[in-house]
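A.B. asks: Sequence plus the predicted model coming up.
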Number of protein chains: 2
Amino acid sequence: MQTTAVTTRPNATRTDICSAPPRRHPRPDGQDRYTISEVVAFTGLTAHTLRWYERIGLMSHIDRSHTGQRRYSNRDLDWLDFVGKLRLTGMPVADMVRYAELVREGESTYHDRRELLEATRRDVLARIGELQDTLAVLDRKISFYGDAGRAREGERTR
Amino acid sequence: MQTTAVTTRPNATRTDICSAPPRRHPRPDGQDRYTISEVVAFTGLTAHTLRWYERIGLMSHIDRSHTGQRRYSNRDLDWLDFVGKLRLTGMPVADMVRYAELVREGESTYHDRRELLEATRRDVLARIGELQDTLAVLDRKISFYGDAGRAREGERTR
DNA sequence: CGCTTGCTTGGAGTGCACTCCAAGGTCATA
DNA sequence: TATGACCTTGGAGTGCACTCCAAGCAAGCG
């Protein structure tokens, strides 16, 4: 009861390792100088949040126009995508900042980065398991309230 | 790629509908008058949190000893278990309070309760899907940092 | 040129879910 | 009976992740 489905993908081929997600960029490389409001539209984040991410070091310094306005690149969009995934895992922002710092420090941090991602992976797996338990509980209760919901016994757990 | 594994349990039989989870109570019904610190030990919640849950109406008024100290029952433990599950889904406490109110209002709220649980169920399913997407991304990055981690191209998404 | 809309900043404010505090009463054990 | 661990309360404080504000510069349009 409760399959901890571990999603066995067809192991990525050597060439597309770490390739960008299947997501397409709004504009091709070269014309990728998005304003903050464009990035808001693409990511669903608010402009406040985007600036805040930069302030706390979750994004490295964003390119600027001649008047000082932010111009985001496709690379920045990719990073935001990834940050969004990490956020979904429940990882604290401070840990994401730590990861961002490791990236900025260069290749020497490959090992640390890998460990951080593996710990995150374990968390995600555990979380999926918990959610599947929860699903089972919800299903039991829903079926209690369901069509046959008039049977009063079992009120103990509502 | 990415199986949204929906855990098809062997549909609960009619008789154990809404039966308590497989969890055993620390003491049998009749001797179930737990102090707050016992409940802390059982649930992992803090005493602060338990009192706070009561204050905000997430738990109906807990039985008291002759001197006014809280004495939790097996029923309370079951409820806390369920609340714990709801918390895992990310449901806001305010919504759980709403559900608790529906329970207090009695049978007439069966329909609303069911709807609330079904909405929650949909959220949980969506969340599991998101986490599986995230897992795929993590796996890709981990394999990038992995054994073959020296191949420098693809630095784009780190 | 004036108008509107968009962007900039540092710092302050918000909402959630706890988390802790002070001051005092209670219970179990030596 | 005395010691120390445990319990009570209302209200204040914390940490996180945003979220907003005021004041001002900038860009496009008629």
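C.D. replies: Sure, I can see it. Residues are numbered from 1 along each chain as shown, chains lettered A, B, ... in the order given.

A.B. asks: going forward, measure contacts between C-alpha atoms and count neighbours the same way
C.D. replies: OK.

A.B. asks: for chain A, which helix is longest?
C.D. replies: Secondary structure assigned by DSSP state H gives helix A:110-145 as the longest helix of chain A.

A.B. asks: Report the buried residues of it.
C.D. replies: Residues A:110, A:113-114, A:116-118, A:120-121, A:124-125, A:127-145 are the ones in helix A:110-145 that count as buried (16 or more other CA atoms under 10 Å in any protein chain shown).

A.B. asks: filter the residues you listed by proximity to chain B?
C.D. replies: A:110, A:113-114, A:117-118, A:121, A:124-125, A:128, A:130-132, A:134-145 (CA under 8 Å from any CA of the partner chain).

A.B. asks: about what we covered before: let me know the average pLDDT across the longest helix of chain A.
C.D. replies: Throughout helix A:110-145, pLDDT has a mean value of 94.

A.B. asks: does DNA strand D sit close to it?
C.D. replies: No: under the criterion of CA under 7 Å from any atom of the strand, DNA strand D is not reached by helix A:110-145; the shortest gap measures 13.8 Å.

A.B. asks: Mind giving me the packing neighbours of that helix?
C.D. replies: helix A:93-105, helix B:74-88, helix B:110-145 (3 or more CA pairs under 8 Å, 6 or more residues apart in numbering or on different chains; DSSP states H and E).

A.B. asks: do you know how far residue A:115 is from residue A:27?
C.D. replies: 34 Å (CA to CA, to the nearest Å).

A.B. asks: Revised request: answer the last question for residue A:91.
C.D. replies: 30 Å.

A.B. asks: now residue A:139
C.D. replies: Taken as CA to CA, the span from residue A:139 to residue A:27 is 45 Å.

A.B. asks: which SS state does residue A:24 fall under?
C.D. replies: Secondary structure for residue A:24, judged by DSSP: H, G, I helix; E, B strand; the rest coil, is coil.

A.B. asks: residues near it, how many?
C.D. replies: 10 (other CA atoms under 10 Å in any protein chain shown).

A.B. asks: List the contacts of it.
C.D. replies: Residues near residue A:24 by CA atoms under 8 Å, 6 or more residues apart in numbering or on different chains: none.

A.B. asks: Looking at the residue of chain A found nearest DNA strand D now. What's its pLDDT?
C.D. replies: For chain A, the residue closest to DNA strand D is residue A:92, as judged by CA to the nearest atom of the strand, at 3.2 Å. Residue A:92 carries a pLDDT value of 95.
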